[in-house]
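A.B. asks: Sequence plus predicted model, see below.
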Amino acid sequence: MRNYRSGFTSNWGVTIYFTPDSEFDEIDKKALFERMLRIGWSVNEHKIDTGVSIALEDDDQQINLVQMAEEAGLSDFRRAGNLTSRFTVPTRALQDEFGDWPGRD
């Protein structure tokens, strides 16, 4: 869980960090990303306002998650500035895909 504060506003989101194994190139990335997003959407400690992010545990890896998400046909995600090692799917898209928060894993 992550909390963003701006003045009197406080918003919550989830970041899922992972380290790809040697077979990462062989798997269905859209299915993997959707599974991780579903898990993130099911976290119910605080209501998720800012969406679910997927990020590499180690930013130094030469893996472009943003490009993989595009190639997998993952819809409605945002990149984090110039970073290619993470992306976020906003709350509205998660709700459209998985139903009301908290989703059931």
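C.D. replies: Good, I have the coordinates.
A.B. asks: hey, where'd the helices end up in this structure?
C.D. replies: With DSSP state H as the criterion, the chain has helices at 29-41, 65-71, 91-98.
A.B. asks: Which strands or helices does the shortest one pack on?
C.D. replies: Counting by 3 or more Cβ pairs under 8 Å, 6 or more residues apart in numbering; DSSP states H and E, the packing neighbours recorded for helix 65-71 are helix 29-41, strand 52-56, strand 86-89. Every residue, glycine included, has its C-beta placed from N, CA and C.
A.B. asks: The ones you listed into TSV, with extra columns for mean pLDDT, mean neighbour count and distance to E70?
C.D. replies: Listed next are these as TSV, based on pLDDT from 0 to 100; neighbours: other Cβ atoms under 10 Å; distance: least, Cβ to Cβ, whole Å:
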stretch	mean pLDDT	mean neighbour count	distance to E70
helix 29-41	93	18	10
strand 52-56	95	21	13
strand 86-89	94	22	9
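A.B. asks: For the longest strand along the chain, buried residues please.
C.D. replies: Longest strand of the chain, by residue count under DSSP state E: strand 9-18. By 16 or more other Cβ atoms under 10 Å, the buried positions in strand 9-18 come out as 11-14, 16.
A.B. asks: would you list those in CSV and tack on distance to R86?
C.D. replies: Converted to CSV, those look like this (distance: Cβ to Cβ, whole Å):
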residue, distance to R86
N11, 17
W12, 17
G13, 12
V14, 12
I16, 10
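A.B. asks: Out of those residues, which is nearest to A80?
C.D. replies: Set against A80, the nearest of these by Cβ to Cβ is G13 (11.6 Å).
A.B. asks: Surely that closest one is in contact with M1?
C.D. replies: Yes: judged on Cβ atoms under 8 Å, G13 makes contact with M1 at a distance of 7.5 Å.
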